[in-house]
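Asks: Sequence first, predicted model second:
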Amino acid sequence: MADPTDASATRVAPPGPRAETARYDRARGRVVLDLDNGCTFAFPPRLVQGMESASEDQLAEIELLGAGYGLHWETLDVDISVPGLLAGIFGTHAYMAARAGRATSAAKAAAARANGSRGGRPRKTAHS
């Protein structure tokens, strides 16, 4: 009997590549997707929300969902879309914003030093 979730996913799924196979490559520390367009996409799982501290055994328990448009890790309770991964989206909007805020650069370091030389962040004043 056909899986109804696969049939319905193909009717409403966005156009674009989908995963035909997914596996965790222990030697390279990457999740590897073989896509239906012939390309291969690999990413370090530590980038994905909820997978930062997953064990290799947990990472190997990867399942394809919705005709290959989604990935699922049962023990980690993590689901992520293949189109999202291909677009560089590794979690929720808040998670991605927090990751971007942690990014360091020479410009960011220079701005922090300049702000510090001015006495740092201005103190909040109480309004009476």
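Replies: Now that the structure is in, tell me what you want to look at. Residues are numbered from 1 along each chain as shown.
Asks: could you pull out the helices for the protein?
Replies: 4-12, 56-60, 82-86, 93-101, 106-117 (DSSP state H).
Asks: At the geometric centre of the protein, which residue do we find?
Replies: residue 90 (1.6 Å; C-alpha atoms, centre = their mean).
Asks: contacting residues around it?
Replies: Residues in contact with residue 90 (C-beta atoms under 8 Å, 6 or more residues apart in numbering) are 43, 47, 48, 49, 80, 84, 96, 99. (Glycine included, C-beta is placed from N, CA and C.)
Asks: how near is it to residue 123?
Replies: 37 Å (C-beta to C-beta, to the nearest Å).
Asks: So what sits opposite residue 70 in the bridge?
Replies: Under DSSP bridges, the beta-bridge partners of residue 70 are residue 65, residue 81.
Asks: residues near the residue nearest to residue 21 when sequence neighbours are not counted, how many?
Replies: Counting by C-beta to C-beta, 6 or more residues apart in numbering, residue 21 lies nearest to residue 34, which is 4.5 Å off, once chain neighbours are set aside. Burial of residue 34 is recorded as 16 neighbouring residues (other C-beta atoms under 10 Å).
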